[in-house]
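>>> here's a sequence, model it:
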Amino acid sequence: MSVLKILVDTLSTLLVTAVLLRFLLQLVRADFYNPVSQAIVKLTSPLLSPLRRLIPGFGSLDPSSLVLAFLVQGVFVFIKINIMGYMLPPAGAFTLLTLFFLLETLLDFYTFALIVLVISSWVAPGSYSPGLALLHQLTDPLCNRVRRFVPPLGGLDFSVMIVMFGIFLLKNALPGLLQVRTVGLL
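Numbering: from 1, shown residues only. So this is what the prediction gives:
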């Protein structure tokens with residue numbers, strides 16, 4: 001049972017993260033010609049194209065990507081509930097549980113991205129990689145907001161630590177904010 005749960009968790013995290021990245025890349029207007037961006041677009045297009053016919057975009061926002069991420073996460077939450085042998089919760093609780101896992105995936109991605117950027121700045125400062133360039137484009141809007149209040153001091157940029165601390169606080173407060181009490185799935 002636990003191996004199947006780990007497999008479902010891994011697949012759901014990868015697929016939901018790809019769909020969320022599709023939304024985020026459009027939101028921050030990341031480089032569309034970046035090879036990593038192209039891979040994400042090609043991976044998510046088969047699922048996203050039919051949904052775009054039903055849900056039009058407006059401006060730089062693509063609500064169909066968010067709807068798809070929510071639907072995919074909901075399918076995986078349903079599968080995980082069945083694997084673990086729990087009863088399906090009422091629709092409202094199921095929606096909150098799906099939203100919880102979706103937000104948790106988003107926060108985990110940003111935590112991972114910031115850690116990779118910090119390590120890369122120590123190991124190979126100033127080097128170029130398409131993946132790192134994309135991570136900078138995705139995380140800079142958050143870090144730049146913090147840099148307005150806490151500028152780099154003596155060459156040290158504390159904005160990443162502050163953003164990661166904020167993510168940590170939000171992630172710990174998330175179950176209480178959404179009133180998710182399904183202990184077995186968390």
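>>> do you know how far residue 97 is from residue 18?
Noted for residue 97: a distance of 21 Å to residue 18, by C-beta to C-beta, to the nearest Å. In short, each C-beta sits where N, CA and C put it, glycine included.
>>> number of nearby residues for residue 80?
19 (other C-beta atoms under 10 Å).
>>> then the one 10 residues further on?
Around residue 90 there are 9 other residues, counting by other C-beta under 10 Å.
>>> give the helix, strand or coil label for the residue nearest the centre of the chain.
Closest residue to the average C-alpha location of the chain: residue 106 at 2.4 Å, with C-alpha atoms, centre = their mean. Of the three states, residue 106 takes helix under DSSP: H, G, I helix; E, B strand; the rest coil.
>>> any idea what sits nearest it, other than its immediate chain neighbours?
residue 20 (5.7 Å; C-beta to C-beta, 6 or more residues apart in numbering).
>>> between residue 97 and residue 18, which one's more packed in?
residue 97 (23 against 17).
>>> quickly find the element holding residue 102.
helix 91-123 (DSSP states H and E).
>>> coming back round to it: got the angle for the helix or strand containing the residue nearest to residue 106 vs helix 91-123?
Taking DSSP H and E as the criterion, residue 20 maps to helix 2-27. Helix 2-27 and helix 91-123 are oriented at 70 degrees to each other (axes from the mean of the first three to the mean of the last three C-alpha atoms, to 10 degrees).
>>> residue farthest from the centroid of this structure?
Largest centre distance within the chain, by C-alpha atoms, centre = their mean: residue 154, 31.8 Å.
>>> list the contacts of it.
For residue 154, no residue meets the contact criterion (C-beta atoms under 8 Å, 6 or more residues apart in numbering).
>>> could you do the one 10 residues further on as well?
By C-beta under 8 Å, 6+ apart, residue 164 lies in contact with 111, 114-115.
>>> mind putting those residues into CSV with pLDDT, distance to residue 44 and neighbour count?
Listed next are the contacts of residue 164 as CSV, based on pLDDT from 0 to 100; distance: C-beta to C-beta, whole Å; neighbours: other C-beta atoms under 10 Å:
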residue, pLDDT, distance to residue 44, neighbour count
111, 96, 22, 15
114, 96, 23, 21
115, 95, 24, 12
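>>> rebuild these as JSON lines, extending it with distance to residue 80.
As requested, these are exported to JSON lines (distance: C-beta to C-beta, whole Å):
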{"residue": "111", "distance to residue 80": "21"}
{"residue": "114", "distance to residue 80": "27"}
{"residue": "115", "distance to residue 80": "26"}
